[in-house]
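Participant: What follows is a predicted protein model with its sequence.
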Amino acid sequence: MSLHPADAAVLRTGRLLLRRWDPADPADVDFLFDTYSRWDVQRFIGRVPRVMEDRDEAIARAETWASPVGGAPFGVWAATLASDGARLGSVLLKSIPASGPTEPLEPSGDVEIGWHLHPDAWGHGYATEGASAALAAGFASGLDRVVAVTHPDNVASQAVCRRLGMTALGLSDAYYNATCALFELEAATFERPGTSGNAE
Ligand SMILES: CC(C)(COP(=O)(O)OP(=O)(O)OC[C@H]1O[C@@H](n2cnc3c(N)ncnc32)[C@H](O)[C@@H]1OP(=O)(O)O)[C@@H](O)C(=O)NCCC(=O)NCCS
């Protein structure tokens, strides 16, 4: 597998521009804080969901997400509208930790795709469109399989998985020391939903 760090910093689709979060941009930080301080967003995220309570947490998150961990195409993108730059949420492509007895959890060797949109951006197909660009970048960089883990009750997220053509594998305890509804997608079967845009 060969990964090319510079290739995936900016991704474009028909409607979206995905870019890195910028901790020096107060509007990015405000948006992250507004998004992750909402229970509607956080309720299915993490083993013990909690809302962000302090703007400093949003700064720290923007700093962490500004640079991909593990080399691109891994990273967390700010999904924005290409037309006016409006922020919609985050799209994530990252190493996923295995369940295990010690913290921090060890990498599983698998890669996960994820999406967290501000509620104002739900219901427009933006998560599916943004994630498809990240998947295309990941597969183009040599990944052969990507998984998604969702809270068993998170039907909205499971619908995104299905729209992306991911296969439901049922409940799994393999990751995060949590029971998740697991989905997978193999590079060989990936077909980008719609063909309105390309990763650059
Ligand atoms: C999970 C989450 C991203 C799903 O968002 P979403 O907007 O429902 O998902 P999509 O972007 O795929 O949009 C699909 C919806 O947009 C609608 N839509 C409208 N215009 C559309 C278009 N042009 N193209 C595609 N879909 C469109 C679809 O009909 C669908 O709505 P429906 O489910 O009511 O039928 C969102 O609920 C969220 O951010 N939740 C909080 C964080 C979270 O739980 N993340 C997942 C952790 S595993």
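Facilitator: Structure's in. What do you need? Numbering: from 1, shown residues only.
Participant: show me where this structure has helices.
Facilitator: 26-36, 39-42, 55-66, 126-140, 155-163 (DSSP state H).
Participant: How about the contacts made by the residue of the chain at minimum distance from the ligand?
Facilitator: Of the residues in the chain, the one nearest the ligand is Gly125, at a distance of 2.2 Å by CB to the nearest ligand atom. Heads up, the C-betas are built off the backbone N, CA and C, glycines and all. Neighbour list for Gly125: Arg163 [criterion: CB atoms under 8 Å, 6 or more residues apart in numbering].
Participant: so where is the chain shaky, pLDDT-wise?
Facilitator: Applying pLDDT under 70 to the chain flags the ranges 1-7, 72, 194-200.
Participant: Give me every residue in it lying close to the ligand.
Facilitator: Applying CB under 6 Å from any ligand atom, one finds that the chain approaches the ligand through 41, 44-45, 89, 114-117, 122-128, 150, 154, 156-157, 159-160, 163.
Participant: thinking again about what came up before, what's the closest of the helices of the chain to Val10?
Facilitator: Between Val10 and the helices of the chain, the tightest spacing by CB to CB is seen for helix 126-140, at 9.9 Å.
Participant: helices or strands up against the closest one?
Facilitator: Contact analysis of helix 126-140 by 3 or more CB pairs under 8 Å, 6 or more residues apart in numbering; DSSP states H and E lists strand 11-12, strand 16-20, strand 75-81, strand 87-97, strand 107-117, strand 145-150, helix 155-163 as its packing neighbours.
Participant: Give the buried residues for it.
Facilitator: For helix 126-140, burial by neighbour count (16 or more other CB atoms under 10 Å) applies to 126-140.
Participant: ok, now stretch 47-60?
Facilitator: Per 16+ other CB under 10 Å, stretch 47-60 contains these buried residues: Met52, Glu57, Ala58, Ile59.
Participant: now do stretch 23-43
Facilitator: The neighbour-count criterion (16+ other CB under 10 Å) identifies Pro23, Asp28, Val29, Phe31, Leu32, Phe33, Asp34, Thr35, Tyr36, Ser37, Val41, Gln42 as the buried residues of stretch 23-43.
Participant: which of those residues lies closest to Thr189?
Facilitator: With CB to CB as the yardstick, the closest approach to Thr189 among the buried residues of stretch 23-43 comes from Val41, at 30.0 Å.
Participant: Isn't that closest one up against Thr35?
Facilitator: Yes - with contacts defined as CB atoms under 8 Å, Val41 counts as touching Thr35 at a distance of 5.6 Å.
Participant: Need the residues touching each of those two.
Facilitator: His116, Leu117, His118.
Participant: what's across from the first one in the sheet?
Facilitator: Each beta-bridge partner of His116 is listed here, defined by DSSP bridges: Ser90.
Participant: wait, what's in contact with the most centrally placed residue in the chain?
Facilitator: With distances taken as CA atoms, centre = their mean, the chain has Leu92 as the residue nearest its mean C-alpha position (2.3 Å). Leu92 is in contact with Gly75, Val76, Trp77, Glu112, Ile113, Gly114, Trp115, His116, Ala134, counting by CB under 8 Å, 6+ apart.
Participant: Can you give me the neighbour number for the first one?
Facilitator: Summarising burial for Gly75: neighbours were counted as other CB atoms under 10 Å, giving 25.
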